[in-house]
Every structure is written in C-alpha cells, then in structure tokens.
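Asks: Below: sequence and its predicted model.
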Amino acid sequence: PCIRSLGACAEIVIVDSGSTDATLEIVRSLTAEGFPIRLFERHWPGYSAQKQFALEQCTREWCLCIDADERLSDELVSVLPVYLAREDIAGWEVPRRNFIYDYGYAPDAVHEAALLRLTRSGKARYRLHQLVHEGMTVDGKVGRITKGNILHRRSLPIREQLEKEIHYASLKAEQLFRSGRKPRYVRLIFNPFVYFIRVYILNRFFLMGWAGFIRSGMLFVYDRPVRAAFWMENTLIFLDMIFVDAKGEVTSVHHRARPLDRTVIDGGPGVLAVLEINGGMAAPMGIVPGTVLRHPAFGADAAWPCEP
C-alpha cells in the first residue's frame, strides 16, 4: 500500500538497510510493473542520517518522505498538485492519521499531529544530531495541508512493537542527555495524568469509545503471565489499576490507589497486562472482574480477539 499510494510521483527513492523480509522482492516486483523506483542499499547510519541520504538522492522539485508503514490517502493524492503550485512555500506539514487497534483510522474530528514531510528541493535538511523522532530545518516558509492525510498503520506483532518502543525510548533518553537535559521528578510524577487528559479529552480520543480510552491510558504488558504487584511511590495522583489475564479478561480492579503509598497492591497470579487510568474512573465505566478488553497484546486466543 505504501508504494502503490505514490503512483502519481515522478520518482520514488527507496533506501534499504539489510532488510531480511520480502521488502526487496516487493520493490523489484513493483519496479517491473513500471513504478519509477530508484533503490539504494546501504548500511544503517541512524534515522536522521539515513533520511538525509534519501533526501539528497531526490532529483525533483518537491520531496515527500514517508515510512514503509504509511501511505497517502486518496484525498491527499488529489489535492497535492494545488499545494505544490505555491511558490512562496518551502515545506508543508501533512496531517497523519494513526490506525487505532479495534477501531480503525482515527476520524477527522480527533486531533492528531501534522508532520513536516513535504519539502522543496534544496530548502530542507534533517537535524543529524537527533537520534530519533528526527526533525527538519527548512529555509523558508512552512505551511500546513488541510485536506487528506498520511495513513499510519503498524503491522508488527505486539512483542516486536514493545521492543521498538523501548529502543525509541533509549535513543530519546540518550538524545536528551547529550543535549544537557536532566530528568525531572515533576515530569515523572505528572506526565501520566497530563498525557491522559491531553490525548483522551483535548485530542478527542473519547470519540473512539473503548479503543480511544485504552489508547489514552497506560498499559503495562508482561512477556508472560505473572503475579503482578505495584505500589504508588513517586506518584502524586489517584489511580485505578486494572489487572488483566492472557485472554484479555479483567481478573481484579484496585480502585483509587493512594498517592505516595508504598503499600504493595497485589494483582494476583496469571496477569499479562495492567491498565492504569485516572482514579475513580473504573467504577462508572462498569469495569469489573470479568470485563473483557480488546488489544493485540492478548493474541489470537483472546476472549474478544482483535480483527485481523
């Protein structure tokens, strides 16, 4: 879907760094179909450096950067010529819609980020000091596209996705350390609560029901069922802790865990995941032992499996 959504492009630059799946076979097959692909195979120098290399290979006036797990919506493809005709713009931020497990792509009413992905040749460059979530510096005015989206859907198994998130977190921490930033306990304490309010309320993820609620909460997933135990040291807000087994069924709920309390909260044996939400929310939402949650972490044998 990624490459096929680029059918209107005059050239498609692909950079591969030793992929071991069917990527190269797919690329060569699409090249044989007539897609204007230029394939480069090289070592992995890091996210920013690799994208800068790809940017430097582009020969057309405009360069659009997307990842392999993204594609352009039909609406975006149809309106791009209008935006590219603007001579006063050096770069465009493009809205991106994430695929939410058990829901689909977030609706337009949900506020999601617009990313700088479309730049005029010779007017932009990646910030090579950034190890992850790489940004760009643009010489000139940056506008925002208001119609169409980049559609983002990850297809990794949950275990690989967790490993990827841990890797991203490590790179981000190293990046902040190099820049002289120090950890702050205030952020550690308040970030979970602020994140939930920002995503679920301000960004309107509540419009997606349970799927948006779980996306906005904090879900801890173990690599196998365990006897889970938590405490609330260094946490300044009340939390409800929802303990879930390998089939996605709630086994117990601890209501309004007290801030700064070191008392061990025993979730019992056979716990695969723990969902933390704002204190006092589980009861009015009807979350009790026996409630079933849907999430890819619970796999194909889940009591309420996600759609393939």
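Replies: Okay, I see it.
Asks: wait, doesn't residue 47 sit right on residue 128?
Replies: No: using CB atoms under 8 Å, residue 47 makes no contact with residue 128, being 9.8 Å away. For glycine as for every other residue, the C-beta is placed from the backbone atoms N, C-alpha and C.
Asks: With neighbour numbers in mind, choose between the two.
Replies: The neighbour count for residue 47 versus residue 128, taken as other CB atoms under 10 Å, is higher for residue 47 (17 against 14).
Asks: so who does that one touch?
Replies: By CB atoms under 8 Å, 6 or more residues apart in numbering, residue 47 lies in contact with 130-132, 134.
Asks: ok, those vs residue 85, which is closest?
Replies: Lowest distance from residue 85 to the contacts of residue 47 (CB to CB) belongs to residue 134, with 27.9 Å.
Asks: On the three-state scheme, the residue lying closest to the closest one once chain neighbours are set aside is what?
Replies: Spatial nearest neighbour of residue 134, chain neighbours left out: residue 48 (4.1 Å); criterion: CB to CB, 6 or more residues apart in numbering. With DSSP: H, G, I helix; E, B strand; the rest coil as the basis, residue 48 sits in helix.
Asks: okay, now residue 283: neighbour count?
Replies: Neighbours of residue 283 (other CB under 10 Å): 12.
Asks: pretty sure it is touching residue 242, no?
Replies: No: if you go by CB under 8 Å, residue 283 and residue 242 don't touch, sitting 11.3 Å apart.
Asks: quick one: pLDDT of residue 75?
Replies: On pLDDT, residue 75 comes in at 96.
Asks: can you check residue 177 too?
Replies: Residue 177 carries a pLDDT value of 81.
Asks: For the strand or helix carrying it, list every residue counted as buried.
Replies: Here residue 177, judged by DSSP states H and E, is contained in helix 158-178. For helix 158-178, the neighbour count (16 or more other CB atoms under 10 Å) marks 171, 175 as buried.
Asks: Same question for stretch 125-136.
Replies: By neighbour count with 16+ other CB under 10 Å, stretch 125-136 contains the buried residues 125-126, 130-132, 134, 136.
Asks: Need the contact partners of it.
Replies: Applying CB under 8 Å, 6+ apart, the set of residues contacting stretch 125-136 from outside is 46-49, 51-52, 55, 91, 116, 119, 124, 137, 168, 171-172, 174-175, 178.
Asks: Where does pLDDT dip in the stretch 101-250 of the chain?
Replies: Per-residue confidence for the stretch 101-250 of the chain (pLDDT under 70) gives these ranges: 156-159, 161-162, 188-189.
Asks: just to revisit the earlier point, list the helices and strands the helix holding residue 177 packs on?
Replies: strand 218-230 (3 or more CB pairs under 8 Å, 6 or more residues apart in numbering; DSSP states H and E).
Asks: quick check: angle from the strand it packs on to helix 158-178?
Replies: Interaxial angle of strand 218-230 relative to helix 158-178 (axes from the mean of the first three to the mean of the last three CA atoms, to 10 degrees): 90 degrees.
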